[in-house]
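Participant: 3D model of this:
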Amino acid sequence: MTSTAQAPTPPPSEGRAAHPDHLGHVIFITASAAMGGFLFGYDSSVINGAVEAIRDRYDIGSGTLAQVIAIALIGCAIGAATAGRIADRIGRIRCMQISAVLFAVSAVGSALPFALWDLALWRIIGGFAIGMASVIGPAYIAEVAPAAYRGRLGSFQQAAIVIGIAISQLVNYGILQLADGEQRGKIGGLEAWQWMLGVMVVPAVLYGMLSFAIPESPRYLISVGKIDRAKAVLAEVEGHGVNLDHRVAEIDRAMRSEHKSTFTDLFATGSRFRLLPIVWVGIGLSVFQQLVGINVAFYYSATLWQSVGIDPSSSFFYSFTTSIINIIGTVIAMVLVDRVGRKPLALVGSVGMAIALAFEAWAFSADLVDGKLPETQGAVALVAAHVFVLFFALSWGVVVWVFLGEMFPNRIRAAALGVAASAQWIANWAITASFPSLADWNLSGTYVIYATFAVLSIPFVLRYVKETKGKALEEMG
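Facilitator: Below you'll find the predicted structure:
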């Protein structure tokens with residue numbers, strides 16, 4: 001992050017006015033890097049189709065099942081925490097390639113497990129790969145995108161995530177049809193759920209192949225002294241009309257002036273234990289984003305619908321339609337976030353999610369008739385689930401990441417982001433690991449808990465979160 005210490009005023013950045021000679025090529029580079037986001041979304045949701053089959057094959061209870069599903073998040077947290085240092089040492093492209101290989105290996109291993117323990121191990125490895133890709137993708141895009149297009153190109157990562165979620169549900173639905181609607185139905189000697197997890201090797205290989213077709217980050221190349229190569233990449237992405245010597249000097253000067261924030265910078269002056277208020281706000285945003293139960297919709301939706309009497313084929317279809325709603329909501333957020341602001345969107349989303357979750361809680365409170373919800377409650381549950389995802393996607397799904405990227409002062413931004421992201425992974429794990437047991441206890445009560453968190457997020461945003469729309473990063477404090 002740029003230091004706020006006084007220094008000679010640099011000349012205006014030519015990078016701000018840079019326009020690539022071939023914008024389509026820059027879009028290709030960005031989309032290739034965003035494949036890491038696609039893998040992130042795909043992996044997050046594909047397990048949805050295998051949950052009940054894994055429970056049945058290994059004859060395990062809800063607690064053990066939840067740990068197998070959620071354990072990938074431990075790998076994600078480790079991968080995300082270490083990706084930055086790895087990328088600084090070996091480069092962004094090499095990091096992408098390692099992620100692709102690990103993800104491909106994880107896909108094959110998850111499809112052909114010997115026992116439950118190695119299925120869990122393969123999921124940890126896949127999680128590590130996803131954690132790496134989730135960090136490297138946005139960082140690489142920010143470093144290669146011309147400033148004039150950075151916002152739009154940066155949105156490719158989030159778009160890739162929600163598309164990955166939708167595609168995984170569509171593929172799962174297709175595989176289930178080939179297996180006559182049975183998650184443990186045989187296709188070519190393997191059960192349907194094994195194919196669902198194994199197909200992940202396809203986007204992993206594609207991600208790896210694309211990484212060989214895009215250039216290394218000019219920022220990394222300059223950091224390791226490969227100046228001529230850095231100039232070539234800058235000319236490729238910013239246009240040959242840019243003064244390349246000046247751009248290299250500008251990037252080098254910015255890197256030298258950066259303050260490397262550390263964990264100790266996050267504490268109030270004179271205190272070793274009291275975090276700065278702004279850090280707590282970031283943690284709160286990250287935690288509330290997960291505690292409303294959004295990942296239940298992507299990890300367990302097929303299981304949820306089957307538990308209230310919907311047949312497997314229909315439950316997979318509803319999971320897919322939910323993913324489409326997720327894409328629509330994300331597009332709405334991308335259009336509105338710079339127009340109406342971050343805070344209004346968050347508040348609208350909180351209200352919408354609270355109402356939808358309350359309706360879900362009411363619907364699931366009904367007694368099952370012949371293993372199914374009554375017709376009215378069943379219809380309400382389906383509609384409310386889609387409304388919940390829509391309001392999340394058009395608000396907290398996008399604005400939290402925007403807030404976290406903007407709200408912290410320069411001197412602590414990197415470290416504060418790391419803490420907030422870690423809090424998000426922990427909350428994600430808590431929700432994912434607890435849902436099966438909570439659902440066995442009381443499904444309606446579980447949704448009351450999620451609705452409560454949605455309601456509590458409203459006063460939190462009103463009181464503690466400041467609008468960042470239209471403010472320069474240097475104004476944050």
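Participant: count of neighbours near residue 123?
Facilitator: Look at residue 123: counted by other CB atoms under 10 Å, it has 25 neighbours. Using the backbone N, CA and C atoms, a C-beta is placed for each residue, glycine as well.
Participant: Would you quantify the distance from it to residue 41?
Facilitator: Distance of residue 123 to residue 41, computed by CB to CB, to the nearest Å: 16 Å.
Participant: same question, residue 359
Facilitator: 26 Å.
Participant: Could you do residue 387 as well?
Facilitator: Using CB to CB, we find residue 387 at a distance of 21 Å from residue 41.
Participant: Show me which of these two is the more surrounded one.
Facilitator: residue 41 (26 against 18).
Participant: list the helices and strands whichever strand or helix holds that one packs on?
Facilitator: Taking DSSP states H and E as the definition, residue 41 sits inside helix 35-46. Under the contact definition 3 or more CB pairs under 8 Å, 6 or more residues apart in numbering; DSSP states H and E, helix 35-46 sits against helix 92-111, helix 116-144, helix 156-178, helix 201-211, helix 294-299.
Participant: Mind picking out the helix or strand in this protein with the poorest mean pLDDT?
Facilitator: Within the chain, no helix or strand scores below helix 150-154, which has a mean of 70 by mean pLDDT, DSSP states H and E.
Participant: name the helices or strands packed onto the longest helix seen in the chain?
Facilitator: The longest helix of the chain (DSSP state H) is helix 413-464. Taking 3+ CB pairs under 8 Å, 6+ apart as contact, the helices and strands that helix 413-464 lies on are helix 62-70, helix 72-90, helix 277-291, helix 294-299, helix 301-307, helix 342-364, helix 396-406.
Participant: chain center to the fifth one: distance?
Facilitator: The chain centroid and the centroid of helix 301-307 are separated by 23 Å, computed with CA atoms, centre = their mean, to the nearest Å.
Participant: what residues does that helix touch?
Facilitator: Helix 301-307 is contacted from outside by 48-49, 51-52, 172, 296, 312, 314-316, 318-319, 322, 385, 436, 439, 443, using CB atoms under 8 Å, 6 or more residues apart in numbering.
Participant: ok, back up a step: any idea which of the helices and strands packed on helix 413-464 scores lowest on pLDDT?
Facilitator: When the helices and strands packed on helix 413-464 are ranked by mean pLDDT, helix 301-307 comes last with a mean of 77.
Participant: Okay, buried residues for the helix or strand just after it please.
Facilitator: Next in sequence after helix 301-307, counting helices and strands by DSSP H and E, comes helix 312-336. Within helix 312-336, the residues scored as buried using 16 or more other CB atoms under 10 Å are 312, 315-320, 322-327, 329-334, 336.
Participant: Kindly report the same for stretch 189-202.
Facilitator: For stretch 189-202, by 16+ other CB under 10 Å, it's 191, 192, 193, 194, 195, 196, 197, 198, 199, 200, 201.
Participant: Could you tell me which ranges of the stretch 201-350 of the chain sit under the pLDDT cut-off?
Facilitator: For the stretch 201-350 of the chain, the stretches with pLDDT under 70 are 258-263, 269-273.
Participant: repeat that with 90
Facilitator: 217-220, 223-225, 233-279, 295-323, 330-331, 333-342 (pLDDT under 90).
Participant: SS state for the closest residue to residue 341 other than its chain neighbours?
Facilitator: Among residues not flanking residue 341 along the chain, residue 469 sits closest, at 4.2 Å (CB to CB, 6 or more residues apart in numbering). Three-state call for residue 469 (DSSP: H, G, I helix; E, B strand; the rest coil): coil.
Participant: what's the neighbour count on residue 469?
Facilitator: Other residues close to residue 469 by other CB under 10 Å number 15.
Participant: Now do the contacts for it.
Facilitator: Contacts of residue 469 by CB under 8 Å, 6+ apart are 337, 338, 341, 342, 343.
Participant: With residue 378 instead?
Facilitator: By CB under 8 Å, 6+ apart, residue 378 lies in contact with 308, 309, 310, 363, 372.
Participant: From residue 256, how far out is the residue nearest to the first one when sequence neighbours are not counted?
Facilitator: Spatial nearest neighbour of residue 308, excluding adjacent residues (CB to CB, 6+ apart): residue 373 at 4.7 Å. From residue 373 over to residue 256 the distance is 63 Å, taken as CB to CB.
Participant: Comparing these two, which residue is more hemmed in?
Facilitator: residue 373 (23 against 9).
Participant: okay but the more buried one is in contact with residue 363, surely?
Facilitator: Yes: at 6.7 Å, residue 373 and residue 363 qualify as touching, with contact defined as CB atoms under 8 Å.
Participant: who touches both of the two?
Facilitator: residue 381.
Participant: CA atoms of the helix holding residue 41 as PDB?
Facilitator: C-alpha atoms of helix 35-46 as PDB (Å, rounded to 0.1, in the frame of the first residue of the first chain):
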ATOM      1  CA  MET A  35     -11.000 -18.700 -14.300                       C
ATOM      2  CA  GLY A  36      -9.700 -19.000 -10.800                       C
ATOM      3  CA  GLY A  37     -12.900 -17.400  -9.600                       C
ATOM      4  CA  PHE A  38     -14.800 -19.800 -11.800                       C
ATOM      5  CA  LEU A  39     -13.100 -22.700 -10.000                       C
ATOM      6  CA  PHE A  40     -13.900 -21.000  -6.700                       C
ATOM      7  CA  GLY A  41     -17.600 -20.900  -7.500                       C
ATOM      8  CA  TYR A  42     -17.700 -24.300  -9.100                       C
ATOM      9  CA  ASP A  43     -16.000 -26.000  -6.100                       C
ATOM     10  CA  SER A  44     -18.100 -24.200  -3.600                       C
ATOM     11  CA  SER A  45     -21.300 -25.500  -5.100                       C
ATOM     12  CA  VAL A  46     -20.500 -28.800  -6.800                       C
END
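Participant: dump the residue contacts of the residue nearest to residue 124 when sequence neighbours are not counted.
Facilitator: Among residues not flanking residue 124 along the chain, residue 75 sits closest, at 4.0 Å (CB to CB, 6+ apart). By CB under 8 Å, 6+ apart, the contact set of residue 75 is 123, 124, 125, 126, 127, 128, 129, 130, 131.
Participant: For the fifth one, report the pLDDT, please.
Facilitator: According to the predicted model, the pLDDT of residue 127 comes to 91.
Participant: how near is it to residue 220?
Facilitator: Distance from residue 127 to residue 220, by CB to CB: 25 Å.
Participant: These two: which is more packed in?
Facilitator: Just comparing residue 127 and residue 220: by other CB under 10 Å the higher neighbour count belongs to residue 127, 27 against 23.
Participant: For that one, which non-adjacent residue is spatially closest?
Facilitator: residue 75 (2.6 Å).
Participant: Check residue 138 too.
Facilitator: Nearest non-adjacent residue to residue 138, counting by CB to CB, 6+ apart: residue 157, 5.0 Å away.
Participant: From what I see, that neighbour and residue 135 are in contact.
Facilitator: No: under the criterion of CB under 8 Å, residue 157 is not in contact with residue 135, lying 10.5 Å apart.
Participant: quick one: residue 243 from residue 237, how far?
Facilitator: 15 Å.
Participant: Which of the two has more residues huddled nearby?
Facilitator: Neighbour tally, residue 243 and residue 237, criterion other CB under 10 Å: the higher count belongs to residue 237, 25 against 12.
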